[in-house]
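Student: no sequence on this one, just coordinates:
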């Protein structure tokens, strides 16, 4: 299946990893790494892929050949994320792609990150560009906290949207008036669950027609 335009911006693959109302694309600069050279598959004759690679190359300052290589390797990330999530539900805390300063993949676990990841990337083309890191909260628990946060917002009668910020290992609850929201919670005797950060936004998203 050809890679659609701008797929590399935390789409397709990360839908498996970030279950959120609002998709998150910003990757903190502190999550940098020195990745090993990529081992690329044979480059196909694919006009759509070449077209996408030209945009990627321009955005990230790499050659078109390097861009094609990165886009093709991303096809491996979706199955990897699904396998880890299925096999390590208690400790898996998410996965994301890093494009700068070096291309790579970061995966979070609450316990024994390197040892837990090792069986999943053995003999994989991702082995040289993937790093396992320690996190406090599993993705399963963040999903639960996200649902609880919405239940609290509904009980307080305050519209809210949310997202799971995987690099920051937290739920983000988006409201248009954080002060009013906090006041409403206090009046109702409610509180947000742990690992939820309240963030003020100017407006909520609108359904696309």
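Tutor: Structure received. Since the structure is predicted, the reported quantities are computational estimates derived from the model, not experimental observations.
Student: so residue 193 versus residue 142, what's the distance?
Tutor: 10 Å (Cβ to Cβ, to the nearest Å). Just so you know, the C-beta spots here come from the backbone N, C-alpha and C atoms, and that holds for glycine as well.
Student: of those two, give the one with the bigger neighbour count.
Tutor: Remark: of residue 193 and residue 142, residue 142 carries more neighbours, 25 against 17, as counted by other Cβ atoms under 10 Å.
Student: that one and residue 166, how far apart?
Tutor: Using Cβ to Cβ, we find residue 142 at a distance of 9 Å from residue 166.
Student: any common contacting residues for the two?
Tutor: Common contacts of residue 142 and residue 166 (Cβ atoms under 8 Å, 6 or more residues apart in numbering): 93, 94.
Student: now do the longest helix seen in the chain: which elements does it pack against?
Tutor: Ordering each helix of the chain by length in residues (DSSP state H) puts helix 139-156 first. The contact analysis (3 or more Cβ pairs under 8 Å, 6 or more residues apart in numbering; DSSP states H and E) places helix 139-156 against strand 92-98, strand 161-165, strand 170-175, helix 178-188, strand 196-200.
Student: in TSV, list those along with mean neighbour count, mean pLDDT and distance to residue 77.
Tutor: Shown next, in TSV, are the helices and strands packed on helix 139-156 (neighbours: other Cβ atoms under 10 Å; pLDDT from 0 to 100; distance: least, Cβ to Cβ, whole Å):
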stretch	mean neighbour count	mean pLDDT	distance to residue 77
strand 92-98	23	95	7
strand 161-165	21	97	17
strand 170-175	23	97	22
helix 178-188	14	94	35
strand 196-200	16	96	26
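Student: nearest to residue 206, out of these?
Tutor: strand 161-165 (11.1 Å; Cβ to Cβ).
Student: so which elements touch the closest one?
Tutor: Judged by 3+ Cβ pairs under 8 Å, 6+ apart, strand 161-165 is in contact with helix 139-156, strand 170-175.
Student: the last one: how far from the chain's middle?
Tutor: Using Cα atoms, centre = their mean, to the nearest Å, the mean C-alpha position of strand 170-175 is found 15 Å from that of the whole chain.
Student: strands paired with it, and their directions?
Tutor: Sheet partners assigned to strand 170-175 using DSSP bridges are listed as strand 161-165 (antiparallel), strand 196-200 (parallel).
Student: show residues contacting it.
Tutor: Contacts of strand 170-175 (Cβ under 8 Å, 6+ apart): 22, 24, 137, 142, 145-146, 149-150, 153, 158-165, 181, 192, 195-201, 204.
Student: returning to what we had before: which of the helices and strands packed on strand 161-165 sits most buried?
Tutor: Sort the helices and strands packed on strand 161-165 by mean neighbour count, taking mean count of other Cβ atoms under 10 Å, and strand 170-175 sits at the top with a mean of 23.
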